[in-house]
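**Q** okay, predicted coordinates and the sequence, questions at the end:
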Amino acid sequence: INLESDLLTFRHTGGLLHNPGVVDIKFKPEPIGLDFKGNRISHVREGSQASARGVKVGWRILEINGKLAPAGHNQIASLLETLKKAGGSILIRFGTKPPSIVFDLPPPQRK
């Protein structure tokens, strides 16, 4: 069992929480220009890399460089700083739509 892989598959193929609206954006190892609370984008700085690449307030950070993004704000900020210092490009997968709950209910039975 690979929990991370199974969770990614679950997120991207339907599962209980289904969100087909994702976008991958590559950033240079420089200030990205995002403010976020948890994993949700709260502000995109004008003139920043994020602004130039079309990132929007309300999007969620789902993955960073192909791995599930940490759950908390501080962990995400720390990871992004570490990656910027390492000097390589940073690939962020954003969720662009709020997740929706998918119910698979049987049809009502008639009496």
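**A** Received it, and whenever you're ready, just let me know what you need.

**Q** sheet-wise, list the partners of the helix or strand residue 36 falls within with their directions.
**A** Using DSSP states H and E, residue 36 sits within strand 34-37. Under the criterion DSSP bridges, strand 34-37 sits next to strand 40-44 (antiparallel) in its sheet.

**Q** and the partner strand, average pLDDT?
**A** Per-region confidence: strand 40-44 scores 96 on mean pLDDT.

**Q** with stretch 52-67 instead?
**A** Averaged over stretch 52-67, pLDDT sits at 95.

**Q** how far is that stretch from where the chain is centred?
**A** Distance of stretch 52-67 from its chain centroid, counting by CA atoms, centre = their mean, to the nearest Å, is 5 Å.

**Q** tell me the buried residues in that stretch?
**A** 53, 55, 59-64 (16 or more other CB atoms under 10 Å). Placement of C-beta: from N, CA and C, glycine included.

**Q** and it, how far apart are its ends?
**A** End-to-end span of stretch 52-67 (CA to CA, to the nearest Å): 24 Å.

**Q** got it, and stretch 50-68?
**A** Start-to-end, stretch 50-68 (CA to CA) is 20 Å.

**Q** return the alpha-carbon coordinates of the strand holding residue 36 using CSV.
**A** The C-alpha coordinates for strand 34-37 follow below in CSV (Å, rounded to 0.1, in the frame of the first residue of the first chain):
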residue,chain,number,x,y,z
LEU,A,34,1.6,34.5,-2.9
ASP,A,35,-0.1,35.0,0.5
PHE,A,36,-2.0,32.0,1.8
LYS,A,37,-3.9,30.8,4.8
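
**Q** and the contacts of that strand?
**A** Strand 34-37 is contacted by residues 41-45, 48, 50, 55, 61, 73, 76 when judged by CB atoms under 8 Å, 6 or more residues apart in numbering.

**Q** which of these sit farthest apart?
**A** Pairwise distances across those peak at 18.1 Å for 48 and 73 (criterion: CB to CB).
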